[in-house]
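> based on what follows, work out the 3D shape:
(2 chains)
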Amino acid sequence: MGLKIVVLAKQVPDTRNVGKDAMKADGTVNRGALPAIFNPEDLNALEMALHIKDLRPDTEVTILTMGPPRAAEIIREAIYRGADNGFLITDRKFAGSDTLATSYAISMAVKKVNPDMVIAGRQAIDGDTAQVGPQVAEKLDWPQVTYAEEVLFLNDDKIGIKRRLENGVESVESTFPTLITVHSSAPACRARNAKRVMTYKHARTFTELQEEVRDYTELYDQRPYLSICEWNVETIEADPEHLGLSGSPTKVKKIDNVVLQQKDSMVLTDSNQDVELLMANLISGHIIG
Amino acid sequence: MNNVFVYCEINEDGNVVDVSLELLSKGRKLADELGVKLEGIFIGDNLSKVEEQVFPYGVDVMHIASSKKLFPYLTLPHNAIVTHIFKEEQPEIALFGATTIGRDLAPRIASTLKCGLTADCTSLEIGDHTENRTKKEYKNLLYQIRPAFGGNIIATIINPDTRPQMATVREGVMKLEPAKKMSKPITKLVDIDNILNDDHFAVSIIERHIEAKKVNLRGSQIIVAGGYGVGSRENFDLLYELADAIGGEVAATRAAVDAGFIESDRQVGQTGVTVRPKLYIAFGISGAVQHRAGMDQSATIISVNTDPKAPINAIADYTIVGEISTVVPKMIEYYKKHSK
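Reported below is the predicted structural model:
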């Protein structure tokens, strides 16, 4: 029996390269100003799904992402690496959503796909909250297995998972349907497959096609697999009240720039004399030794 | 106003874990400020020791759910019990450790109760709020404060309209402090048979290997820390040599951990461990807010960096502008000659 798996992925600003204009005045993230990458642990999640597909070749792996139109980039990336298809949930009404509103939207989209399993990265590097996975599971009324590192076994009604805990490991089994979040210690994602890159390099969402200079209508009629499906609030049948700022119980009250308390720092060089002075101070002050 | 609740984690030996005791300490202060009670939730199997352990922290009410089925932790039964208690008691504030368990459980509860949750807070305060648009006034909200987004900013998050106001906090962030006055807590036993059903056991544990912590950063008075600027796993060996010589532990920033220079159990900062040693030597660390949140209360801070403008220098007592490979051997040599 093949499984239907949805992989949740997020295109995230690369927080390792944050500039000054990263935040807007209202305290939300100015995504436009930052380089965007495939959230690292979501790649571990994709690999886990593709591993299951290796075990059960008739498994269908669907990538699901919520974000602005350009987030279609990570759907193509996932397809190059082996995902079968993908959905982009995009709508201005999602703007300002906290984890609860985001989880609601994602859960509505997952219900439309109706999979046996959802696999997601443990957390996204732009917030590090690790909240969306468990909250999507709750909205679906499914069990959750967090911090997954390895698939131990798979049979018709159960999956065995090794979990990475802060102080050890734990093996659990879950019935289906189930939601799994994957830890960065899980196997890294396989590379792009050259053949798949050739086949899918023109895969586009409807919005992206509008921006193309050439008219590809004929190509897309002949090759329907090149169309990446875009969903909005209406398609996923979500209640707009539960989305965006109105659906988000957490509010940003204020944002403070960090003011460093300036200490009287003794500035030294790496000369013998200076290092010796420092060490002598530490020893005489009983800080070391 | 309703009460402050802390979900208390119980470890393999039946002890309440440190972060839960720290949260009880903080919860006591918040409850005193609000003029309300502090209540703890204890779910597990062997709970005979917990009352004695939490007594010094001034818990007014203990909710106890005890059964063989409730240890080791499983998400769904613990979620069912906590949400049941929260629906009945309507807490004002609910605090969880930002541990493997707390970060699995708290979001599920927040989703069940449709309330707000802030992860990895570095400070919790009580304050007021006026809604800009409606001018509606809110008194005594929980300010959930955390560095956000690349660490250039500190965000204050509030939940004006939903209860409980939920937050997770890492171990070591709040101080462990006994309460000023304490009395024997009231115990309420949770009727788990009326709450749990078979669906709550869709996930079951096959086996567990729990190890004692290998690295004890919080117990070390001297920390030799390296950042991305250390450059490689090999260069970290130099830091280990220095730590060996002067009797310290090696720690690192998240950037160094992410780069694969060192293991994540040595990470100091908002998403790692918070430390307050006598001496913190920062090698090749620029000093993002998230890192400083985990070490800025160190008694003495030394920064060794090729960049004279590294932000961490502003909080350092000594700044050495220079190469790690030059400085470390000189430090070791001097120490070996001159220590007693």
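> does residue A:145 sit in a helix, a strand or a coil?
strand (DSSP: H, G, I helix; E, B strand; the rest coil).
> what's opposite it in the beta bridge?
In this entry, residue A:145 is beta-bridged to residue A:180, by DSSP bridges.
> hang on, isn't it packed against residue B:204?
No. Look at residue A:145 against residue B:204 with CB atoms under 8 Å: they stay out of range, at 10.8 Å. The way it works is simple: take the backbone N, C-alpha and C, and place the C-beta from them, glycine included.
> compare the two (neighbour count), which wins?
Neighbours per residue (other CB atoms under 10 Å in any protein chain shown) separate residue A:145 from residue B:204, with residue A:145 holding more: 27 against 11.
> in the stretch 151-300 of chain B, which spans are helices?
Assigned by DSSP state H, counting those that start in this stretch, the stretch 151-300 of chain B shows helices spanning B:233-246, B:254-258, B:289-292.
> tell me the contacts of residue B:247?
Contacts for residue B:247 (CB atoms under 8 Å, 6 or more residues apart in numbering or on different chains) come out as A:288, B:222.
> so which of the helices of the stretch 151-300 of chain B is the most surrounded?
Across those, averaging neighbours per residue (mean count of other CB atoms under 10 Å in any protein chain shown) puts helix B:289-292 on top, at a mean of 26.
> list the contacts of the closest residue to chain A within chain B.
Chain A sits closest to residue B:322 of chain B, with a gap of 2.6 Å, by CB to the nearest CB. For residue B:322, the contact set (CB under 8 Å, 6+ apart) comprises A:269-270, B:304, B:306.
> mind checking how far it is from residue A:269?
Residue B:322 is 6 Å from residue A:269, where distance means CB to CB, to the nearest Å.
> next: residue A:133.
Counting by CB to CB, the separation of residue A:133 from residue A:269 is 49 Å.
> the more surrounded of the two?
Neighbour totals were compared for residue A:133 and residue A:269, and residue A:133 leads with 33 against 14 (other CB under 10 Å).
> sec struct for the more buried one, please.
Strictly by three-state DSSP, residue A:133 counts as helix.
> quick one on the thing from earlier: need the overlap of contacts for residue A:145 and residue B:204.
Jointly contacting residue A:145 and residue B:204 under the rule CB under 8 Å, 6+ apart are residue A:172.
> spell out which parts of the stretch 101-250 of chain A neighbour chain B.
Within the stretch 101-250 of chain A, the residues that sit near chain B (CB under 8 Å from any CB of the partner chain) are A:103, A:126-135, A:137-139, A:143-147, A:152, A:160, A:165-175, A:178, A:248-250.
> returning to that earlier point: which of the helices of the stretch 151-300 of chain B has the lowest average pLDDT?
In terms of mean pLDDT, the lowest-scoring of these is helix B:289-292 (a mean of 89).
> the following helix or strand past that helix and chain A in contact?
For helix B:289-292, the succeeding helix or strand toward the C-terminus, using DSSP states H and E, is strand B:300-305. Yes. On the criterion CB under 8 Å from any CB, strand B:300-305 is in touch with chain A at B:300-304.
> would JSON lines of the residues you listed with neighbour count and pLDDT be doable?
Formatted as JSON lines, those follow (neighbours: other CB atoms under 10 Å in any protein chain shown; pLDDT from 0 to 100):
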{"residue": "B:300", "neighbour count": "18", "pLDDT": "94"}
{"residue": "B:301", "neighbour count": "26", "pLDDT": "96"}
{"residue": "B:302", "neighbour count": "26", "pLDDT": "96"}
{"residue": "B:303", "neighbour count": "29", "pLDDT": "96"}
{"residue": "B:304", "neighbour count": "31", "pLDDT": "96"}
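> where in the stretch 51-200 of chain B is pLDDT low?
B:149-152 (pLDDT under 70).
> all strands for it, in order.
B:61-66, B:93-97, B:117-121, B:123-130, B:137-148, B:153-158, B:165-169, B:186-189 (DSSP state E, counting those that start in this stretch).
> does anything pack onto the helix or strand harbouring residue A:198? Which helices or strands?
According to DSSP H and E, residue A:198 maps onto helix A:194-200. Judged by 3 or more CB pairs under 8 Å, 6 or more residues apart in numbering or on different chains; DSSP states H and E, helix A:194-200 is in contact with helix A:72-81.
> per-residue pLDDT, the closest residue to chain B within the stretch 151-289 of chain A?
Residue of the stretch 151-289 of chain A nearest chain B, by CB to the nearest CB: residue A:270 (2.6 Å). Looking at residue A:270, its pLDDT reads 92.
> now do the strands in chain A.
Per DSSP state E, chain A carries strands over the ranges A:4-9, A:11-13, A:36-38, A:60-66, A:85-89, A:117-121, A:144-154, A:158-165, A:168-175, A:178-182, A:204-205, A:227-231, A:251-257, A:266-269.
> quick check, residue B:306 in contact with residue B:323.
Yes. Between residue B:306 and residue B:323 there is a contact under CB under 8 Å: 6.3 Å.
> how far does stretch B:63-81 sit from its chain's centre?
Put simply, stretch B:63-81 sits 22 Å off its chain's centre (CA atoms, centre = their mean, to the nearest Å).
> gap between the two ends of it?
The straight-line separation of the ends of stretch B:63-81 (CA to CA, to the nearest Å) is 10 Å.
> just stretch B:33-45 next, same as before
End-to-end distance for stretch B:33-45: 33 Å, by CA to CA.
> wait, does that stretch contact chain A?
No. With CB under 8 Å from any CB as the measure, stretch B:33-45 is seen stopping short of chain A, the closest distance being 15.7 Å.
> tell me which residues in that stretch are buried?
Of the residues in stretch B:33-45, B:34, B:36-44 count as buried by neighbour count, 16 or more other CB atoms under 10 Å in any protein chain shown.
> in strands, which of the residues you listed fall?
Of these, the ones assigned to strands by DSSP E are B:38-44.
> so where's chain A shaky on pLDDT?
A:1, A:15-32, A:258-262.
> just give the nearest non-adjacent residue to residue A:122, would you?
residue A:181 (4.6 Å; CB to CB, 6 or more residues apart in numbering or on different chains).
> now residue B:155
residue B:148 (4.1 Å).
> picking that back up, most neighbours per residue, which of the strands of the stretch 51-200 of chain B?
Across the strands of the stretch 51-200 of chain B, averaging neighbours per residue (mean count of other CB under 10 Å) puts strand B:93-97 on top, at a mean of 29.
> anything in that strand near chain A?
No. Interface with chain A: strand B:93-97 contributes nothing (CB under 8 Å from any CB), its closest point being 10.2 Å away.
> I'd like to check the angle between that strand and strand B:117-121, please.
In terms of direction (axes from the mean of the first three to the mean of the last three CA atoms, to 10 degrees), strand B:93-97 departs from strand B:117-121 by 50 degrees.
> other SSEs contacting strand B:93-97?
Partner elements for strand B:93-97 (3+ CB pairs under 8 Å, 6+ apart): strand B:4-8, helix B:18-34, helix B:102-113, strand B:165-169.
> to residue A:91, which of these lies closest?
Of all those, helix B:102-113 sits nearest to residue A:91, with 20.9 Å by CB to CB.
> and that closest one, what does it pack against?
By 3+ CB pairs under 8 Å, 6+ apart, helix B:102-113 packs against helix A:99-113, helix A:132-140, strand A:144-154, strand B:4-8, helix B:75-89, strand B:93-97, strand B:117-121, strand B:165-169.
> turn those into CSV, including distance to residue B:241.
Below are those laid out as CSV (distance: least, CB to CB, whole Å):
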stretch, distance to residue B:241
helix A:99-113, 43
helix A:132-140, 41
strand A:144-154, 32
strand B:4-8, 41
helix B:75-89, 44
strand B:93-97, 35
strand B:117-121, 33
strand B:165-169, 35
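> kindly provide the distance from residue B:169 to residue B:175.
Residue B:169 sits 11 Å away from residue B:175, taking CB to CB as the criterion.
> give me the common contacts of those two.
B:22, B:26.
> quick check: end-to-end length of stretch B:57-77?
27 Å.
> buried residues, that stretch. List them.
In terms of neighbour count (16+ other CB under 10 Å), stretch B:57-77 has its buried residues at B:57-67, B:70-77.
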